[in-house]
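Q: how would this look folded up:
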Amino acid sequence: MNYTVLPGTDVKISTICLGTMTFGQQNSEADGHAQIDFALDKGINFIDTAEMYAVPAREKTYGSTEEIIGTWLKKSGRRNEIVLATKIAGPNRGLPYIREDLQFNDTTIRLSVEKSLKRLQTNYIDLYQFHWPERNVNFFGQRGFKVKDEAWEDNIQQVLETIQALINEGKIKHFGLSNETPWGLMRFLEESRKHNLPKIVTTQNPYSLLNRSFEVGLAEVCHRENVGLLAYSPLAFGVLSGKFLTGEPQPNARITLFSNFSRYNSENTRKASALYNEIAKDNGLTLTEMSLAFIRQQQFVSSTIIGATTLQQLEENINTTKVTLSDEILLEIEKVQSLIPDPAP
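A: Residues are numbered from 1 along each chain as shown. Just a heads-up that it's a prediction; the model follows:
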């Protein structure tokens, strides 16, 4: 396993992060524990979750993923071996069962931190992230910004002051954003500099061969401001595993089970995946190996979040760390990107 650090810190993280959003829905508690054990044995020390998980978000399963990680922590006693990240759900997720007030303010942030700590059975969170901005931003499947009426007022300084207080109290160590835009990232950086408040260390956004929109504006911000990308959906909900290219039914695949993730299930995603698969085969690689290696080789990526429903899938994903793509392969990838740019934004 390869390691880096959370930008601007001395916290060592594996370049592969174990994503856990299937725990409590597609994976049982026993499955989740087995995945964590396997991941740690393979050198992964970074685990990501969220208060709204499992996915798809449902009232009866919200918080279940954190609870499964919590029972593993209690059983294993290995809290000091992992870097643990979780997220607070904001108003744009539309999940009223999580909190009566879904806005980000001192009360709601503190309430969510306390609930996560209890479910996780720990007394601190290494990386606390805001799961979608409060304000109106592009959602999945949208390319251009849509102007809408909104009640949001800029409260970023107040949010950072709460984060500072929680860091002082030892309840969180660092903080990051998720599904953020260049404007939002720069506003947080501006306020942290202006008022000497905690600096963002990461943003967790989708990034894959089928969705490279992060490169348009956010990649430069992250590079120049020393903020790391935690790349999620690196295999585009399994599309870049190649299993949909066989023509065989995939009844247990995420995009089959959860139709709301339709952005990964389109004619263009299938065309692009087939072209990427040809490049991989011509170079003795699987589509999975090439897809994950491409992400890992981007300088602005701190860690790639992988999720699996089986240990076999998890092992295959972890083994891709041995793959390095040549300049010739990268050039062929760029040709497909130019032909079918970002088919799953």
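Q: Check the spacing between the residue nearest in space to the middle of the chain and Asp342 real quick.
A: Geometric centre of the chain, nearest residue: Tyr232, 3.7 Å, by CA atoms, centre = their mean. Per CB to CB, to the nearest Å, Tyr232 is found 16 Å from Asp342. Any C-beta I mention is one placed from the backbone N, CA and C, and that applies to glycine too.
Q: Check Glu150 too.
A: Going from Glu150 to Asp342 by CB to CB gives 26 Å.
Q: Let me see the ranges of the helices in the chain.
A: Counting by DSSP state H, the chain has helices at residues 29-41, 64-76, 106-120, 156-168, 182-195, 218-225, 254-257, 267-282, 287-296, 311-319, 327-339.
Q: pLDDT below threshold where in the stretch 101-250 of the chain?
A: For the stretch 101-250 of the chain, the stretches with pLDDT under 70 are 141, 246-250.
Q: one more time with 90, if that's ok
A: Residue ranges of the stretch 101-250 of the chain with pLDDT under 90: 136-153, 237-238, 242-250.
Q: mind listing what the closest residue to Arg187 other than its chain neighbours touches?
A: Leaving aside its chain neighbours, Arg187 sits nearest to Ile156 (5.4 Å; criterion: CB to CB, 6 or more residues apart in numbering). For Ile156, the contacting residues are Arg187, Phe188, Glu191, by CB atoms under 8 Å, 6 or more residues apart in numbering.
Q: Surely the last one is in contact with Leu197?
A: Yes: counting by CB atoms under 8 Å, Leu197 is a contact partner of Glu191 at 6.4 Å.
Q: Need the overlap of contacts for the two.
A: Contacts common to Glu191 and Leu197, judged by CB under 8 Å, 6+ apart, are Gln157, Leu160.
Q: Okay, the residue lying farthest from the centre of the chain and Leu292: tell me how far apart.
A: Most distant from the centre of the chain: Asp282, at 30.1 Å, with distances by CA atoms, centre = their mean. In this view, Asp282 and Leu292 are 18 Å apart by CB to CB.
Q: I'd say Ile13 and Met1 touch.
A: No: using CB under 8 Å, Ile13 makes no contact with Met1, being 10.4 Å away.
Q: Neighbour count: those two, which is higher?
A: Just comparing Ile13 and Met1: by other CB atoms under 10 Å the higher neighbour count belongs to Ile13, 24 against 12.
Q: Leaving out sequence neighbours, find the closest residue to that one.
A: Excluding its sequence neighbours, the residue lying closest to Ile13 (CB to CB, 6+ apart) is Phe46, at 4.4 Å.
Q: repeat for Tyr232
A: Spatially, and ignoring its direct neighbours in sequence, Tyr232 is nearest to Ile305 (4.4 Å; CB to CB, 6+ apart).
Q: Looking at Glu150 and Asp342, which is more packed in?
A: Neighbour count, other CB under 10 Å: between Glu150 and Asp342, Asp342 has more, with 18 against 11.
Q: tell me the contacts of that one?
A: Asp342 makes contact with Arg143, Leu210, Asn211, Arg212, Ser213 under the criterion CB under 8 Å, 6+ apart.
Q: Relative to Ser241, which of these is nearest.
A: Leu210 (11.9 Å; CB to CB).
Q: could you list every residue that touches the closest one?
A: With CB under 8 Å, 6+ apart, Leu210 has these contacts: Ala236, Val239, Leu240, Tyr264, Thr269, Ala272, Ser273, Asp342, Pro343, Ala344.
Q: How about Gly176?
A: Gly176 neighbours (CB under 8 Å, 6+ apart): Ala85, Leu127, Tyr128, Gln129, Phe130, Ile200, Val201, Thr202, Thr203, Gln204, Leu230.
Q: out of these, which are inside strands?
A: Residues of these located in strands (DSSP state E): Ala85, Leu127, Tyr128, Gln129, Phe130, Thr202, Thr203, Gln204, Leu230.
Q: a markdown table for the residues you listed, including distance to Leu111 and neighbour count?
A: As requested, the ones in strands among the contacts of Gly176 are exported to a markdown table (distance: CB to CB, whole Å; neighbours: other CB atoms under 10 Å):
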| residue | distance to Leu111 | neighbour count |
| --- | --- | --- |
| Ala85 | 19 | 28 |
| Leu127 | 19 | 25 |
| Tyr128 | 13 | 24 |
| Gln129 | 16 | 26 |
| Phe130 | 14 | 25 |
| Thr202 | 23 | 25 |
| Thr203 | 23 | 26 |
| Gln204 | 21 | 28 |
| Leu230 | 24 | 27 |
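Q: Most neighbours among the contacts of Asp342, which one?
A: Within these, most neighbours by other CB under 10 Å means Leu210, with 28 neighbours.
Q: And that one, how far from Gln204?
A: For Leu210, the distance to Gln204 equals 18 Å [CB to CB].
Q: And Gly90, by the same measure?
A: From Gly90 over to Gln204 (counting by CB to CB), the distance is 13 Å.
Q: Of the contacts of Leu210, which is the nearest to Leu314?
A: Leu240 (15.7 Å).
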